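In: What follows is a predicted protein model with its sequence.
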Amino acid sequence: MARRSYCSWVNLLLLVAACGEPPQVVPATSSARPAASATATQRTNPYPATAKKPIVDEYFGTKVTDDYRWLEDGKDPAVASWTEAQNALTRSRLDALVDRSKVRARVAELLGSRPPNYLGIVVRGTQVFAAKDQPPKQQPMLVVFSDASKAATERTVLDPNTLDPSGKTAIDFFVPSRDGKLVAVSLSSGGSESGDVHVYNTATAKALPDVVLHVNNGTAGGSVAWNADGTGFWYTRYPREGERPKVDLDFYQQVYFHKLGATTDTYAIGKDFPRIAEIALSSSDDGKELLATVSNGDGGEYMFHVRDDKGAWSQIARFEDKIIAADFGGDGNLYLLSRKGAPKGAILRLKKPFATSKPEVLIPERDGVIEHFAVTKHHVYVGDLLGGPSRMLDFHLTGGKVEAPWEMEVPFKVPAVDEIVRIGDDDILYRAQSYTNAPGWFRYSGKTSAPTALVQPMPYAMDDVEVVRETCLSKDGTQVPLNVLRRKGLALDGTHPVLLSGYGGYSVSRTPKLRPMNRLWLDQGGVFAEANLRGGGEFGEAWHLAGNLANKQNVFDDFYACARSLVASGYTKPEHLAILGGSNGGLLMGAALVQHPEAYRAVVSLVGIYDMLRVETTPNGAFNVTEYGTVKDEKLFRALLAYSPLHNVKDGTAYPSVLFVTGANDPRVEPYNSRKMTARLQAATSSDHPILLRASADTGHGIGTPLNAEIEQDADIYAFLIRELGMTFAGH
């Protein structure tokens, strides 16, 4: 789902007034079920036959019927045949679209001709390592600069496209040794995120014999941290077969140490961690101290353990301390981002010895939400959010205290700063972009920002586009920001096709990004809108908590308010309004379409969760309990049932056109969610609008998707939207 793993440099897929009709449930004392009626769609859209095999579960006296439990087993030949039939239907509909070939050509142009984009920078001395995304390469590759200011110093360390010409092998994460001579790289295939760590020599680009199996996974991610002299590294380890029951092999992550050349690794810590622990490792500048950040699933609870230079571990923060991030500073101290009594964040300092010291408040809570920070020898750099856009602040450290901050000049209007990295004694590199500016890395030194060789030039013009930041009033009176991208001079006459997107979960903030598909959409006369919904982190932890667990309905109310606002403001009408989201945003799409089917003409939902009563029974779903809740708690069960998309589909309702997108190798959201939701909607809808499933056999949640597969998927999505909204492709 929204896990903050070390593969975060790969962009995931994008990647409500009332609750609608009551769930289809029957009292515990009755076994009666409403009969499904024949629908218009069944006459005009001949969907593949889908058997109903009802299974009844009882929760706190409420019986819930699941007609499509059998579709959960992806290895069942019957399920495979059903999926093949659904794909055949989808292909017959999409391939027949008049504009599909033109749309594909434009998508290929936008995605395939992008200039190089650098992500996930790691600095080692003067060397700068980065993942380089450079079409027409199918996957990003690992490169290193000996001088980030000079493009000519770039060298390729590992190109997964050479390892696997099919483009299905991807880099999950990479970690250079402290001296930069070696680099550990996790590689996985088919979008599975199940990665083995390999070690490469930076100078020769040759692989060492060392391979550590299954360090990374889609459930709890994976991580590596080198020791001081580069002779080995700590890594996150999942149980091996035979160590735990099969159902636990994606859980109980621990930390082990691998010495280069050794055949046996050594346990370090983790036996007492929760079943749903997710561990991230990092080390001090000299490599002598190790920090283990341990999250309790995906709900935003963290504890921290430090290993000192003598090998002793100590816990420095517990879940209840509400420390959400920690990092070593350039001065050797530990710096903590706290939300205890400070929902927008405060920065604390912990001095050595860490095991016995108590943290002191260095920077108290301010008006912005602290998202990133980096501490050099004499500065604390903070990247915070102001409801979505970013601001950069420079606090000078004098005598151990901070002075009033200097607001840094960031290159773009309405910017997003999504990474900050220390370089040298007191400088930083930061990655900035906006809705209308390409991402790039800038070096900040002495109150001045300068572009590096890792700045991406604009791949297409956006000077005809303006960004308008509006506010919508949600059901309970909450003001919800809405970012609107439109062509300059657009008339607000209600005629424009609008694509609305959102996420609203896991404290993940939707920040400005230059997206190639926005250019395509705007060229067709469309408008793109992105909502900053509760459940995200745009306004701090209070904003997140207002949209998780039993408060999740607020997210859907916020989204519906944004949809209504777009109509009321004269941008569009419901017959011209489409919505798109992925992952947790796919859950949002499912809830939006069943709660207010009249509000939207078309829906595209990618890798979403739709059966909220079964999600926690899946490996990754167990990690989501701290965000969504559990059916084992009656209050949370009632909340889940009230909005679970699958359980709120109503027979005989005129649903909008829907395209569900999923990948068979998805480790984060079980593909059966899309299968079950497709079947349920096809059986229920009374409209002629198509309900289609696009199920890929060799992709996952979006991470590791080859460029060619991305092109085909986006071509399908936008050809579908153009057709369903009655548009004609106009080129560019």
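Out: On my side now, so go ahead.

In: can we go C-alpha only for contacts and neighbour counts from here?
Out: Will do.

In: Moving C-terminal from the helix or strand hosting V417, which element do we reach first?
Out: Assigned by DSSP states H and E, V417 belongs to strand 415-423. Downstream of strand 415-423, the next assigned helix or strand under DSSP H and E is strand 427-434.

In: Which elements pack onto that next one?
Out: Here strand 427-434 is seen to pack against strand 415-423, strand 437-445 when contacts are counted using 3 or more C-alpha pairs under 8 Å, 6 or more residues apart in numbering; DSSP states H and E.

In: need the strands for the stretch 151-300 of the chain, in chain order.
Out: 154-158, 169-176, 182-189, 195-201, 207-216, 224-226, 232-237, 254-259, 266-269, 277-283, 290-296 (DSSP state E, counting those that start in this stretch).

In: Quick check: neighbours of the shortest one in the sheet, parallel or antiparallel?
Out: Just to be clear, that refers to strand 224-226. Its sheet considered, strand 224-226 pairs with strand 232-237 (antiparallel) by DSSP bridges.

In: by how many degrees do the partner strand and strand 277-283 diverge?
Out: The directions of strand 232-237 and strand 277-283 differ by 170 degrees, with axes from the mean of the first three to the mean of the last three C-alpha atoms, to 10 degrees as the criterion.

In: Rounded mean pLDDT for strand 232-237, please.
Out: Strand 232-237 shows a mean pLDDT of 98.

In: Between strand 169-176 and that strand, find me the angle.
Out: If you take the same axes, to 10 degrees, strand 232-237 sits at 130 degrees to strand 169-176.

In: wait, E616 sits on A622?
Out: Yes - counting by C-alpha atoms under 8 Å, E616 touches A622, with 4.5 Å between them.

In: count of neighbours near T50?
Out: 15 (other C-alpha atoms under 10 Å).

In: quick one, which of the helices and strands packed on strand 427-434 is nearest to D272?
Out: strand 415-423 (32.0 Å; C-alpha to C-alpha).

In: between the closest one and strand 427-434, how many degrees?
Out: Relative orientation of strand 415-423 versus strand 427-434 (the same axes, to 10 degrees): 160 degrees.

In: where do the helices sit along the stretch 1-150 of the chain?
Out: 40-44, 77-95, 100-112 (DSSP state H, counting those that start in this stretch).

In: residue contacts, the residue lying closest to G232 once chain neighbours are set aside?
Out: Closest residue to G232 apart from its sequence neighbours, by C-alpha to C-alpha, 6 or more residues apart in numbering: K259 at 4.2 Å. Neighbouring residues of K259 by C-alpha atoms under 8 Å, 6 or more residues apart in numbering: 231-233, 265.

In: Can you flag the buried ones in those?
Out: Neighbour counting with 16 or more other C-alpha atoms under 10 Å marks 232-233 as buried within those.

In: and which of the contacts of K259 is nearest to A599?
Out: F233 (53.4 Å).

In: you'd agree that closest one is up against V212?
Out: No - between F233 and V212 there is no contact under C-alpha under 8 Å: 10.6 Å.

In: circling back: any idea of the mean pLDDT in the strand holding V417?
Out: Over the span of strand 415-423, the pLDDT mean works out to 95.

In: show me where pLDDT drops low in the protein?
Out: Where the chain drops to pLDDT under 70, the residues are 1-44.

In: How is it partitioned into domains?
Out: 25-31+39-109+488-503+517-530+572-724, 369-458 (automatic domain parsing).

In: Can you give me the end-to-end span of the shortest one?
Out: Pointing back at domain 369-458 there. Chord length of domain 369-458, first to last residue, is 29 Å (C-alpha to C-alpha, to the nearest Å).

In: quick one: that domain to chain centroid distance?
Out: Relative to the centre of its chain, domain 369-458 is centred 22 Å away, using C-alpha atoms, centre = their mean, to the nearest Å.

In: Also the longest one?
Out: Its chain's C-alpha centre and that of domain 25-31+39-109+488-503+517-530+572-724 lie 17 Å apart, by C-alpha atoms, centre = their mean.

In: check contacts around V421.
Out: V421 makes contacts with 121-123, 374, 428-430, as judged by C-alpha under 8 Å, 6+ apart.

In: Pick the most deeply packed of the helices of the stretch 1-150 of the chain.
Out: When you average the neighbours per residue for each of those (mean count of other C-alpha atoms under 10 Å), helix 100-112 leads with a mean of 19.

In: So which of the helices of the stretch 1-150 of the chain is nearest D688?
Out: Short answer: helix 40-44, nearest of the helices of the stretch 1-150 of the chain by C-alpha to C-alpha, at 4.9 Å.

In: Alpha carbons only: can I get the helix or strand hosting E466 in PDB?
Out: If you go by DSSP H and E, E466 is part of strand 465-473. The C-alpha coordinates for strand 465-473 follow below in PDB (Å, rounded to 0.1, in the frame of the first residue of the first chain):
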ATOM      1  CA  VAL A 465      -1.200  26.000 -18.100                       C
ATOM      2  CA  GLU A 466      -2.100  27.600 -14.800                       C
ATOM      3  CA  VAL A 467      -2.600  26.100 -11.400                       C
ATOM      4  CA  VAL A 468      -5.400  27.200  -9.300                       C
ATOM      5  CA  ARG A 469      -5.600  26.200  -5.600                       C
ATOM      6  CA  GLU A 470      -9.200  26.200  -4.400                       C
ATOM      7  CA  THR A 471     -11.000  25.100  -1.200                       C
ATOM      8  CA  CYS A 472     -14.100  22.800  -1.000                       C
ATOM      9  CA  LEU A 473     -16.400  22.500   2.000                       C
END
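
In: tell me the angle of it relative to strand 427-434?
Out: Interaxial angle, strand 465-473 versus strand 427-434 (the same axes, to 10 degrees): 80 degrees.

In: For strand 465-473, list every residue counted as buried.
Out: By neighbour count on 16+ other C-alpha under 10 Å, the buried set for strand 465-473 is 465-467, 471-473.

In: Minimum distance to L71: which of the strands of the stretch 151-300 of the chain has it?
Out: Closest to L71 of the strands of the stretch 151-300 of the chain, according to C-alpha to C-alpha: strand 182-189, at 24.9 Å.

In: re the thing from before, pick the most deeply packed of the strands of the stretch 151-300 of the chain.
Out: Ranked by mean neighbour count, those are led by strand 224-226 with a mean of 29 (mean count of other C-alpha under 10 Å).

In: which residues touch that strand?
Out: For strand 224-226, the surrounding residues in contact (C-alpha under 8 Å, 6+ apart) are 175-178, 184, 232-236, 280-283, 287, 290.

In: Out of those residues, which is nearest to Y600?
Out: The nearest member of the contacts of strand 224-226 to Y600, counting by C-alpha to C-alpha, is A280 at 40.6 Å.

In: From H701, how far off is that closest one?
Out: Separation of A280 from H701 (C-alpha to C-alpha) stands at 21 Å.

In: can you check V555 too?
Out: Remark: distance between V555 and H701 (C-alpha to C-alpha) = 22 Å.

In: Same question for T50.
Out: Applying C-alpha to C-alpha, the value for T50 to H701 is 25 Å.
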